[in-house]
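> Build me a structure from this.
(one chain, ligands or ions: 2)
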Amino acid sequence: MSKRDYYEILGVSKTATDGEMKVAFRKLAMTYHPDRNPGDKEAEIKFKEINEAYQTLSDGQKRAAYDRFGHAAFSQGAGGPGFGNEFGDFMSDIFDNFFGDGRGARGRGGQPGRERGSDLRYNLEITLEEAFSGKTETIKIPTTITCDVCAGSGAKSGSKPRTCPTCAGYGRVRAAQGFFAIERTCPNCHGRGEVIDDPCPNCSGAGRVSRERTLSINVPAGVDDGLRIRLAGEGESGMRGGPAGDLYVFLSIKPHEFFQRDGADLFCRVPISMVTAALSGEITVPVIDGSQTQVRIPAGTQTAKQFRIKGKGMPVLRSRDVGDLYIQVFVETPQNLTKRQRELLQEFDQTASDENHPESAGFFSKMRDFLGGLSGAARQ
Ligand SMILES: [Zn+2]
Ligand SMILES: [Zn+2]
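Residues are numbered from 1 along each chain as shown. Ligands and ions are numbered 1, 2, ... in the order given. Just a heads-up that it's a prediction; the model follows:
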């Protein structure tokens, strides 16, 4: 669809002064005003056209954009702002088209005001030790900024983008499919609404360039897996001076080879020998701060017994509290016995009584009662 030239619509020259345009607009508006032409569709369309032309040309900035880019400067095509929409989002459309990528805003019919930059997500994986002590992490975030060579137009200096002939600058094309009218991104201009014959060498016509930004993130001690740190204003830059988006750092903590974490407490499963478990002893266990500590194992310790070491867990975020370290022992049954060891154990077994194994003794005595009760019941 071709749109008439605004100057032509108002019947003025391209060099017309504001005063000249005002006079021309008033004269035409009087003639085609809907109140004077009730029911006249053509007059209504003309009136809208006049109004649109005047609204654009009477505004210095819009007029400059129009002179430079023609209708493409406001390329909302048929769905564009018409009569009654006081062109409130005109400026945003201009910038969407020429100083940003313009894809989203065009499809939605433009947005008033300046557009906020996108939020960014960064996945940061740290170790449990780092979560324990806190750390400053330097991260590199890929982001895009407006190309400063072409100021975002994507066109080589001296040339300018041309309204896309396929979609008339609308960025989207309609196609009928059965009963449905499908609207899709224009295949010719990929939604930009304009085509660039001579692309800017700096951004290859994209209007934006990729940049890597380096940021220093302070990860406080005590952070937990799944935590989200929001860094306000560290996302992508806004369009046409709009506020920047936020950066969300999604924190994950690598599994640790010794410690499992539950809130501020740490758990560590430690094997002990059968002899230590039976006779008592001391074992050495690791601590998250990199040190080690001793745990006294009393005689007769069973598998799954837990020992609490106070204050050796994780720090609590934004607090002075510290969790505990739980050592859970399990008795490791000896394997690969020598002949001599075998004899010793057999010798031990011959001297063993129910006193040595009260759990076993209790269990088997209960089991006999249980089975005896069952067979008694069966006989009746
Ligand atoms: Zn460029
Ligand atoms: Zn197109």
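> May I have the residues that are in contact with the residue most central in space within the chain?
When Cα atoms, centre = their mean is applied to the chain, the residue found nearest the centroid is residue 121 (3.5 Å). Listed by Cβ atoms under 8 Å, 6 or more residues apart in numbering, the contact partners of residue 121 are 247, 248, 250. No exception for glycine: its C-beta is placed from N, CA and C like everyone else's.
> For it, what are phi and psi?
Here is the backbone geometry of residue 121 (degrees, to the nearest 10): phi -120, psi 140.
> so it bridges to which residues?
Note on residue 121: beta-bridge partners by DSSP bridges are residue 248.
> And it, how close does it get to ligand 2?
Residue 121 sits 31 Å away from ligand 2, going by Cβ to the ion, to the nearest Å.
> And that residue, how close does it get to residue 256?
Distance of residue 121 to residue 256, given as Cβ to Cβ, to the nearest Å: 25 Å.
> Ok, residue 20 next?
78 Å.
> more crowded one of those two?
Per other Cβ atoms under 10 Å, whichever of residue 20 and residue 256 has more neighbours is residue 256, with 17 against 14.
> Verify the stated contact: that one with residue 127.
Yes: using Cβ atoms under 8 Å, residue 256 is in contact with residue 127, at 7.4 Å.
> Let's see the helix or strand encompassing residue 367 as CSV, backbone CA atoms only.
Secondary structure from DSSP states H and E places residue 367 in helix 358-379. Extracted C-alpha coordinates of helix 358-379, given in CSV (Å, rounded to 0.1, in the frame of the first residue of the first chain):
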residue,chain,number,x,y,z
PRO,A,358,21.7,-57.7,72.2
GLU,A,359,20.0,-56.4,69.1
SER,A,360,20.4,-59.7,67.3
ALA,A,361,19.4,-61.7,70.4
GLY,A,362,16.3,-59.6,70.9
PHE,A,363,15.3,-59.7,67.2
PHE,A,364,15.6,-63.5,66.9
SER,A,365,13.8,-64.2,70.1
LYS,A,366,10.9,-61.9,68.9
MET,A,367,11.0,-63.6,65.6
ARG,A,368,10.5,-67.0,67.2
ASP,A,369,7.6,-65.8,69.2
PHE,A,370,6.0,-64.3,66.0
LEU,A,371,6.4,-67.5,64.0
GLY,A,372,5.3,-69.7,66.9
GLY,A,373,2.2,-67.6,67.3
LEU,A,374,1.4,-68.0,63.6
SER,A,375,1.8,-71.8,63.6
GLY,A,376,-0.3,-72.0,66.8
ALA,A,377,-3.1,-70.0,65.1
ALA,A,378,-2.9,-72.3,62.1
ARG,A,379,-3.5,-75.4,64.1
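> which other residues reach that helix?
302, 354.
> before we move on, back to that, can you redo the contacts of residue 121 as a markdown table with pLDDT and distance to ligand 2?
As requested, the contacts of residue 121 are exported to a markdown table (pLDDT from 0 to 100; distance: Cβ to the ion, whole Å):
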| residue | pLDDT | distance to ligand 2 |
| --- | --- | --- |
| 247 | 87 | 33 |
| 248 | 89 | 34 |
| 250 | 91 | 37 |
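> If we only consider the residues you listed, which is nearest to residue 229?
Taking Cβ to Cβ as the measure, residue 229 lies nearest residue 248 of the contacts of residue 121, at 7.2 Å.
> And for the closest one, the neighbour number?
Residue 248 is flanked by 16 other residues according to other Cβ under 10 Å.
> if I look at it, how far off is ligand 1?
29 Å.
> I figured that residue was touching residue 229, is that so?
Yes: at 7.2 Å, residue 248 and residue 229 qualify as touching, with contact defined as Cβ under 8 Å.
> Quick one: name the residues of the stretch 51-200 of the chain near ligand 2.
Residues of the stretch 51-200 of the chain lying near ligand 2 by Cβ under 5 Å from the ion: 164, 166, 167, 186, 188, 189.
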